[in-house]
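[1] structure for this input, please:
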Amino acid sequence: MNRRAMLWLVPILAALVWGGLSVLAQDGEIVGGDFEDSGVNDRWWSYDDGSILACEQGSPGYESDHALSIAFDTNAGSWPGCGVDLDTGADWSAATGLRLMLRGSEPGLVITVVLSVNDPGQTNPDTVGSTPFQADIEVSSAEWTGVELPWTAFRKAAWVGSSGMDRLALDQVSTLLLVLNESQSGAIWIDDLALSYTPPSLPPVVELPDIGDYDKFALWTGGTQLRGVNTWQRVVVTWVDGMEFMGDSYIGPPYTQEDFDRLAAMGANYVNISGPGLFTETEPYELDEAVQAYLDSLLSMIAQADMFAVISVRTGPGRSDFTFYWSGGADWGDASLLNDDIWLEQSAQDAWVEMWRAMADHYKDHPVVIGYDLMVEPDAAGQMLDIYEPSEFYPAYAGTLYDWNQLYPRIVAAIREVDQDTPILVAALGWSGVRWLPYLQPVDDPRTVYMVHQYEPQDSYTHQDYPAENTYPGEFDVTWDGVPDTVNRDWLDDFLGVIDDYKAKYGVPVAVNEYGVARWVPGAADFMRDEMALFEARGMNNAFWTFNPSWEPFQGNDMFDFTHGPDPANHTTVENDLWDVILNYWQLNTVRPSNVGQ
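    So this is what the prediction gives:
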């Protein structure tokens, strides 16, 4: 799904502080970070930028005699600050973040923390050879408050431009700087400033059920057997998400055992886990152990709820989750988040292959993993080249790095070297749209399932913002020729005929592991009733987008949450017609891990 409207991401002030001096002490504390010794005023320097600023050792500290005291009265357009130089590039790569104590003369004061790192590629004349990364802090209290944040709170300073590195290099930290926001006055005190070595809190992994051997591929053939949902998660970026929206763990939003038990009780027997792959998005492309731990835990919860799972990889080497919000990136975030190197760099594609080899080796014996979805919505044509017609793309770009047909067979081959059994799921370019399916070249593997994501008519119906104009069934233009089309069950049946042709031509199973409709569009229940009936008639397994966790701060992100009803102002579970349609089809589910071997 090209979720341009799925998730509105707004930069949120994150309460983060750092500081320090020239030598790192044991246990992560920055020497002088408690600001008790007599050399604090000699080591810290400051600049006033035309405002009033005093940065010095002050009293009292947090359960101590001294703290770093910063008093200020800043003018409009002025950003004074104080900082400290490190003797050499400090290596903080073993740390997970920073911790400190903080208080202010009043709540609401804002300070920006800047970490400068050595960077020979930085050519901006104001910071040659050094790239700054920053995070904003809003003082919450006049009382001492403990703060601990991960490195994801830092982003590249926007004023630097495109030159230099885009990711914080924790092994080359050269300068610490505290910058006061313009047009404010007051005082801020900082104490007990230290590196943190607290690993991300990981959910427990429970013992998996013993369900015996069974043919996983048989679940994808012989009619519709799997009916369920997609979950969505990504690595939390604190400076974008804040501390609540996505939760305070490494991966968010957080799902619980109760969430999956509730889903199973509705009748679903299948969860399509749409989330990060196990390798990092940037070089060096390597195993992210925290992501693996979270995925292990998620799978254990799904198993405990007696449901099957497919691992669908959204991100990995050369691809970030923010590729799905590219069109709005300039409005809310930092361009450094938008990583699509997978379509530009051979090394990223090679690493994606190796990632899947490692993932298959790790999950090949998992009792409820019934499929590997190689990449969620490959999008090179539209995302990178602004091409939306396969007939235009393939004559010009077949066989290039942009061509999914040259990459995915390599992934299949790597998986089969370590796992010959687990079904492989693959969809076409064009965000896995139905129209691109005929251009997906089947691979020589008898246990591969081909897929589509079905949201059409997307712009004119399923993804309409509120208030929606078009209804189903109805008359509206879906072919961009200015002439209204009749959109009803016959239209849907004809549109899905592409799938029939593909199955007949190649003799392969096809599934729909994403489909959905905005909960408020008129006729949503009728649309879903017709579409799910057509899936059933074709014997296609299917997963609805999307099932949200019960995490309260995330409830407003519910355009596709079928449990929240048609009122956009409602963000709680309420009985509704769309939900009833989905539940009626889920009641057809009979196979589960607990009985699949019987």
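
[2] find me the pLDDT at W232, would you?
    W232 carries a pLDDT value of 98.

[3] what's the longest helix in this structure?
    The single longest helix within the chain, with elements called by DSSP state H, is helix 346-363.

[4] which elements pack onto it?
    strand 308-315, strand 369-373, helix 404-418 (3 or more C-beta pairs under 8 Å, 6 or more residues apart in numbering; DSSP states H and E). All C-beta atoms are positioned from the backbone trio N, CA, C, and that covers glycine.

[5] from the chain's centre, how far out does it sit?
    19 Å (C-alpha atoms, centre = their mean, to the nearest Å).

[6] now do the buried residues in it.
    Neighbour-count burial for helix 346-363 flags 348-349, 351-360, 362-363 (criterion: 16 or more other C-beta atoms under 10 Å).

[7] mean confidence (pLDDT) on it, please.
    98.

[8] kindly export it (C-alpha atoms) in CSV.
    What follows is helix 346-363 as a C-alpha-only set of coordinates in CSV (Å, rounded to 0.1, in the frame of the first residue of the first chain):
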residue,chain,number,x,y,z
GLN,A,346,24.5,-3.1,-5.8
SER,A,347,25.9,-3.4,-2.3
ALA,A,348,22.4,-2.8,-0.8
GLN,A,349,20.8,-5.4,-3.1
ASP,A,350,23.6,-7.9,-2.2
ALA,A,351,23.0,-7.2,1.5
TRP,A,352,19.2,-7.7,1.1
VAL,A,353,19.9,-11.1,-0.3
GLU,A,354,22.2,-12.0,2.6
MET,A,355,19.6,-10.6,5.1
TRP,A,356,17.0,-13.1,3.8
ARG,A,357,19.5,-15.9,3.9
ALA,A,358,20.1,-15.2,7.6
MET,A,359,16.4,-14.7,8.3
ALA,A,360,15.4,-18.0,6.6
ASP,A,361,18.1,-19.8,8.6
HIS,A,362,16.8,-18.4,11.8
TYR,A,363,13.1,-19.0,11.2
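
[9] quick one: contacts for V418?
    357, 360-361, 364 (C-beta atoms under 8 Å, 6 or more residues apart in numbering).

[10] swap the cut-off to 10 Å and go again
    Counting by C-beta atoms under 10 Å, 6 or more residues apart in numbering, V418 makes contact with 356-362, 364.

[11] could I get the residues you listed as a markdown table with distance to F154?
    A markdown table is the format used below for those (distance: C-beta to C-beta, whole Å):
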| residue | distance to F154 |
| --- | --- |
| W356 | 30 |
| R357 | 32 |
| A358 | 28 |
| M359 | 29 |
| A360 | 34 |
| D361 | 34 |
| H362 | 30 |
| K364 | 37 |
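
[12] ok, the residues you listed vs P209, which is closest?
    K364 (17.2 Å; C-beta to C-beta).

[13] quick check on the closest one: phi, psi?
    phi -60, psi -30 (degrees, to the nearest 10).

[14] just confirm it contacts D421, I think it does.
    Yes. The criterion here is C-beta atoms under 10 Å, and K364 meets it with D421 at 7.0 Å.

[15] sorry, back to before: nearest to F279 among the buried residues of helix 346-363?
    For the buried residues of helix 346-363, the nearest to F279 is M355 (3.9 Å; C-beta to C-beta).

[16] which residues sit against stretch 392-401?
    Outside of stretch 392-401, the residues within contact range by C-beta under 10 Å, 6+ apart are 341-346, 348-349, 380-382, 384-385, 387, 402-403, 405-407, 429-430, 436, 439, 441.

[17] and with 6 Å instead?
    343, 381, 387, 403, 406 (C-beta atoms under 6 Å, 6 or more residues apart in numbering).

[18] residues making contact with the longest helix of the chain?
    Against helix 346-363 from outside (C-beta under 6 Å, 6+ apart): 277-279, 285, 316-318, 341-342, 369, 407, 410-411, 414-415, 418-419.

[19] now do the domain split for this structure, please.
    Domain assignment of the chain by automatic domain parsing yields the ranges 26-196, 216-586.

[20] adding distance to L193 and mean pLDDT, write the helices and strands packed on helix 346-363 out as TSV.
    Output for the helices and strands packed on helix 346-363, formatted as TSV (distance: least, C-beta to C-beta, whole Å; pLDDT from 0 to 100):
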stretch	distance to L193	mean pLDDT
strand 308-315	33	98
strand 369-373	44	98
helix 404-418	45	98
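
[21] can you lay out the ones you listed as TSV showing distance to P395?
    Compiled in TSV, the helices and strands packed on helix 346-363 are given as follows (distance: least, C-beta to C-beta, whole Å):
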stretch	distance to P395
strand 308-315	29
strand 369-373	28
helix 404-418	13
